[in-house]
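*Asks:* I'll drop the sequence and a predicted model, then ask my questions.
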Amino acid sequence: MKLIKKILLALLVLFIIAQFFGPDKNEGDYASIESFLNETKPSTEVKGILKESCFDCHSSVTRYPWYNNITPVNYWLADHIKHGKGHFDVSKWDEYSVKKKDHKLDELIEMVEDKVMPLDSYTWTHSEAKLTDAQIKAVNDWAKGVRATYAAELSND
C-alpha cells in the first residue's frame, strides 16, 4: 500500500510541475485571415460558420478554451491545430497558388459534405461548431462558387 501511495504522490508532483510548461499558442492576428475573406467573399452567414467551426484549427488565430491551461490537454490541442493548419491554413492563403486554393476548397467541400469536419473531438466541447444541413449547404455553395472563379482563372492561364 505504501508503494502505491508513493507512486501516486510522485505522479501528482509530476502533474503539478508539468503545469508550468506548455506548447506555444496559436495566437496570431485576425488580419492574417483578411486576405482569405477578401478574396473568397463569404456571405455574413458563411463567415460566421467559418469563424465558429474552422478558424480555430485552420488559421493563425485560435480562441482557446479554459482547459487549454491544463497540461497535457494543451499539448493535445496544439497537435490538433498543427495538423489542421498543415492541411488547410487560411492565414497562408496568399502563399497558395490558384491551383492549390482550388484544391483546398475541393477538399473543404468533401470534408464538410461527408461530415468529417469539424472533427467530433472539436464539436464535443464546441457544440456551436456542429454544422446543420443548411450550414453545410451554405458553406459548400460558397466554396463551389469560389472554385468556379478559380477554374476561370486557371483556364485563362
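*Replies:* Good, I have the coordinates.
*Asks:* give me phi/psi at residue 61?
*Replies:* Phi and psi for residue 61, reported as degrees, to the nearest 10, are phi -120, psi 110.
*Asks:* okay, which residue is most central for this structure?
*Replies:* Per Cα atoms, centre = their mean, the C-alpha nearest to the average position across the chain is that of residue 57, at 1.9 Å.
*Asks:* per-residue pLDDT, it?
*Replies:* pLDDT, residue 57: 82.
*Asks:* repeat for the one 3 residues further on
*Replies:* Per-residue confidence for residue 60 comes out at a pLDDT of 85.
*Asks:* still on that earlier bit, any idea how far residue 50 is from the residue nearest to the centre of the chain?
*Replies:* Residue 57 sits at a distance of 11 Å from residue 50 (criterion: Cβ to Cβ, to the nearest Å). Where you see a C-beta, it was placed from the backbone N, CA and C, and this is true even at glycine.
*Asks:* likewise residue 95?
*Replies:* 19 Å.
*Asks:* For this structure, give me the ranges with low pLDDT.
*Replies:* The chain contains residues with pLDDT under 70 at 1, 18, 26, 157.
*Asks:* what helices or strands is the helix ranked longest in it leaning on?
*Replies:* The residue-count maximum for a helix in the chain (DSSP state H) belongs to helix 133-156. Applying 3 or more Cβ pairs under 8 Å, 6 or more residues apart in numbering; DSSP states H and E, one finds that helix 133-156 contacts helix 44-53, helix 98-113.
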